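Trainee: Here is a sequence together with a model predicted from it:
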Protein chains: 2
Amino acid sequence: MALLVVGAVAFDSIRTPYGEAENILGGAATYFAVTASWFAPVRVVAVVGEDFGEEYFRVFQDRGVDTAGLVQAPGKTFRWSGEYVGDMNEARTLETHLNVFEQFAPKIPGLYLDTEFVFLGNIDPVLQLHVRRQLPRARLVALDSMNYWIKGKPEELKKALAEVDILVINETEARMLSGLSNLKKAAEVIRKMGPRTLVIKRGEHGVMLFSEGGIFSAPAFPLDEVHDPTGAGDSFGGGFMGHLAKAGEISDAQLRRAVIYGSVMASFAVEGFGLSRLLRLTPEEIEARYREFKNLTHFDV
Amino acid sequence: MALLVVGAVAFDSIRTPYGEAENILGGAATYFAVTASWFAPVRVVAVVGEDFGEEYFRVFQDRGVDTAGLVQAPGKTFRWSGEYVGDMNEARTLETHLNVFEQFAPKIPGLYLDTEFVFLGNIDPVLQLHVRRQLPRARLVALDSMNYWIKGKPEELKKALAEVDILVINETEARMLSGLSNLKKAAEVIRKMGPRTLVIKRGEHGVMLFSEGGIFSAPAFPLDEVHDPTGAGDSFGGGFMGHLAKAGEISDAQLRRAVIYGSVMASFAVEGFGLSRLLRLTPEEIEARYREFKNLTHFDV
């Protein structure tokens, strides 16, 4: 099944204790699309500037990602620069230039209107709802958001949440959105806002899934070294939704598998700078790490 | 198989957002012993004061715990008071009166010398080593420690670690002991100090086991309410060692099961004030929660 993602494509400048990179291809929709491309046909809806050369389109196309929705607009591409220090749990943003992204009005190409699996990346909830309503045949719609929208546009966000199936956010955002610090109680409140399935990302502490099938808790994959945390959460989303689109079925068992595939992809993402590790994967590596996750968590009854 | 614990028995005064209690029975060895008593015959080696009345001995005896090693000394019992605020992740100690515990010189009763499963609670590492050497027939010796000893007696602690099989500590302590922030690397360094099995407790983020069988990661049980976190770590230890003593076998599969039983018992511990929930359990409740843990973590390959 085809999987559509709408969100940001950017150029990132990143500094971590392991190195630095200037103006490399990044953005949430990019990480999501490249990651999901290992599972399903991906369609990306985003805006880039005139500085977005042929070679960057090719990164998507080489992974089989459909770029008909990747629109070039007058101006420059969204730029972000940040650094990670110490335990690298959080990025310190140095600069953000929205550029063409500031006027982003996502348009869904006609050929995409049949999309059944949709990921509404972390953008203005007004735009998220607008996109969602353009896709009446969507069987599964997931939404990502952040503290900026939870604080700044709570009513708009709640309207969007009322029309999606899955919300993917991090721990702090779940607490902020629900007003509750206990995650189990927070999940109950959030699931009443609309999304019957809630995925809470906890960084190095893994992921929790709250759905009709109860609670599922998965650890993060223990790594010797994290080279660059950029895009870990978006790669989780790509693996999660990619697996569901590939399976074409939304059962509790598939949601749990999707959480593990998301965690697998996030663990690969942080092993290299930018997209590097995600671009040079093999299906065998993905399956091997999935099995390692099983070994990491298995115990007998 | 019998399981011996050496450590602190105390009177605790506790305040949490859910209530408060004055001078209730507590201490690491108490939580450990009461918890482990649900799995195996327990022997406790500790010192109490003249204020430790018959009714407190009876708490242990009612759970079948052998109190021949619970020695009464002139003076008062160890007293601790603390409070938990906000997310209750850490206790704020208000007062500590070591009293008779200050001169604690654990003596192993002759009848205990055949003990095969031993838990060296968080006391001076010199005493831990002393106890360990009095028990030559011990098949499995686990040790608990804390930042106070890691900083204050690092050489003594390393000598004790060289002669034990399992170290049980929390995340911060593992980083302090190894000097490394990455837990996987920290575990490698610590396992070279002696204990072939390392259990890292991460509070609300669960537990990691590093052993010959690789890495095992278990989440904490999601609870609606944590009433009193006191003794959670010690109850983990009691369930963990209790299961191993009951199984009488130390395989990777049993170590993983032990981590889950430890997590089950810690989740019960925090549901009530002090020992209350741990004293009114049933074997059926323990097994039911073990199965809930399976449902919490299971996914298909």
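Mentor: Great, that's in hand. Numbering: from 1, shown residues only, chains lettered A, B, ... in the order given.
Trainee: Show me where the stretch 1-150 of chain A has its strands.
Mentor: Using DSSP state E, counting those that start in this stretch, the strands of the stretch 1-150 of chain A run over residues A:3-6, A:10-16, A:19-26, A:42-48, A:70-72, A:78-83, A:92-97, A:117-120, A:140-144.
Trainee: Can you work out which other helices and strands pack against the second one?
Mentor: So the one you mean is strand A:10-16. Strand A:10-16 sits against strand A:19-26, strand A:78-83, with contacts defined as 3 or more CB pairs under 8 Å, 6 or more residues apart in numbering or on different chains; DSSP states H and E. To be clear about C-beta, it is placed using only N, CA and C from the backbone, and glycine gets the same treatment.
Trainee: Over to the last one?
Mentor: Applying 3+ CB pairs under 8 Å, 6+ apart, we find strand A:140-144 packed against strand A:117-120, strand A:166-170, helix A:232-247.
Trainee: list the contacts for the closest residue to chain B within the stretch 1-150 of chain A?
Mentor: Closest approach of the stretch 1-150 of chain A to chain B (CB to the nearest CB) occurs at residue A:87, with a separation of 5.7 Å. Applying CB atoms under 8 Å, 6 or more residues apart in numbering or on different chains, we find residue A:87 in contact with residue B:181.
Trainee: Which pLDDT value does the model give it?
Mentor: Note for residue A:87: predicted pLDDT of 74.
Trainee: How about the one 4 residues further on?
Mentor: Residue A:91 is assigned 87 on the pLDDT scale.
Trainee: distance of it from residue B:124?
Mentor: 43 Å (CB to CB, to the nearest Å).
Trainee: Equivalent analysis for residue A:175, please.
Mentor: Counting by CB to CB, the separation of residue A:175 from residue B:124 is 40 Å.
Trainee: can you check residue A:229 too?
Mentor: To residue B:124, residue A:229 is 40 Å away according to CB to CB.
Trainee: Tell me the pLDDT of the residue nearest the centre of chain A.
Mentor: Geometric centre of chain A, nearest residue: residue A:234, 2.8 Å, by CA atoms, centre = their mean. Note on residue A:234: pLDDT of 97.
Trainee: next one: the one 4 residues further on
Mentor: Residue A:238 is assigned a pLDDT of 98 by the prediction.
Trainee: That one - how many residues pack around it?
Mentor: By other CB atoms under 10 Å in any protein chain shown, 34 other residues sit near residue A:238.
Trainee: hmm, back to that, minimum distance to chain B: which of the helices and strands packed on strand A:140-144 has it?
Mentor: Using CB to the nearest CB, the helices and strands packed on strand A:140-144 put helix A:232-247 closest to chain B, at 11.3 Å.
Trainee: Give the next helix or strand downstream of that closest one.
Mentor: helix A:252-269 (DSSP states H and E).
Trainee: Would you tell me what the next helix or strand after that following helix is?
Mentor: By DSSP H and E, the next helix or strand past helix A:252-269 is helix A:276-279.
Trainee: what's near enough to touch residue A:103?
Mentor: For residue A:103, the contact set (CB under 8 Å, 6+ apart) comprises A:47, A:73.
Trainee: near chain B, which residues of the stretch 151-300 of chain A show up?
Mentor: The interface of the stretch 151-300 of chain A toward chain B, taken as CB under 8 Å from any CB of the partner chain, is made up of A:181-185, A:202, A:205-206, A:208, A:214-219, A:222-225, A:253, A:256-257, A:259-260, A:290-291, A:294-300.
Trainee: Report the buried members of the residues you listed.
Mentor: A:182-183, A:185, A:202, A:205-206, A:208, A:215-219, A:222-223, A:256-257, A:259-260, A:290, A:296-297, A:299 (16 or more other CB atoms under 10 Å in any protein chain shown).
Trainee: before we move on, back to that, same list (the strands of the stretch 1-150 of chain A) but as TSV, adding mean neighbour count and distance to residue A:242.
Mentor: Formatted as TSV, those follow (neighbours: other CB atoms under 10 Å in any protein chain shown; distance: least, CB to CB, whole Å):
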stretch	mean neighbour count	distance to residue A:242
strand A:3-6	30	6
strand A:10-16	22	21
strand A:19-26	16	19
strand A:42-48	27	8
strand A:70-72	18	18
strand A:78-83	20	23
strand A:92-97	12	28
strand A:117-120	30	9
strand A:140-144	24	11
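Trainee: With distance to residue A:151 as new columns, can the ones you listed be given to me in a markdown table?
Mentor: What follows is the strands of the stretch 1-150 of chain A, written out as a markdown table (distance: least, CB to CB, whole Å):
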| stretch | distance to residue A:151 |
| --- | --- |
| strand A:3-6 | 22 |
| strand A:10-16 | 22 |
| strand A:19-26 | 24 |
| strand A:42-48 | 24 |
| strand A:70-72 | 29 |
| strand A:78-83 | 20 |
| strand A:92-97 | 16 |
| strand A:117-120 | 19 |
| strand A:140-144 | 16 |
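Trainee: right, and residue A:259 touches residue A:216 too?
Mentor: Yes - if you go by CB atoms under 8 Å, residue A:259 and residue A:216 touch, sitting 6.3 Å apart.
Trainee: joint contacts of those two?
Mentor: Common neighbours of residue A:259 and residue A:216 (CB under 8 Å, 6+ apart) are A:209, B:299.
Trainee: counting contacts, what elements does the helix or strand harbouring residue A:284 pack onto?
Mentor: Using DSSP H and E, residue A:284 falls within helix A:283-297. With contacts taken as 3+ CB pairs under 8 Å, 6+ apart, helix A:283-297 sits against helix A:252-269, strand B:214-218.
Trainee: rerun that using 6 Å as the cut-off
Mentor: helix A:252-269 (3 or more CB pairs under 6 Å, 6 or more residues apart in numbering or on different chains; DSSP states H and E).
Trainee: re earlier: go through the helices and strands packed on strand A:140-144 and pick out the most buried.
Mentor: Across the helices and strands packed on strand A:140-144, averaging neighbours per residue (mean count of other CB atoms under 10 Å in any protein chain shown) puts strand A:117-120 on top, at a mean of 30.
Trainee: pull the CA atoms of that one into CSV?
Mentor: Coordinates of each C-alpha in strand A:117-120 appear next as CSV, following Å, rounded to 0.1, in the frame of the first residue of the first chain:
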residue,chain,number,x,y,z
PHE,A,117,-1.9,5.3,4.6
VAL,A,118,-1.0,8.9,5.6
PHE,A,119,1.5,10.5,8.0
LEU,A,120,0.8,14.1,8.9
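Trainee: so how far is that strand off the chain centroid?
Mentor: Distance of strand A:117-120 from the chain centroid (CA atoms, centre = their mean, to the nearest Å) equals 10 Å.
Trainee: Could you list the paired strands of it along with their orientation?
Mentor: strand A:3-6 (parallel), strand A:140-144 (parallel) (DSSP bridges).
Trainee: how far does the first one sit from the chain's center?
Mentor: Relative to the centre of its chain, strand A:3-6 is centred 10 Å away, using CA atoms, centre = their mean.
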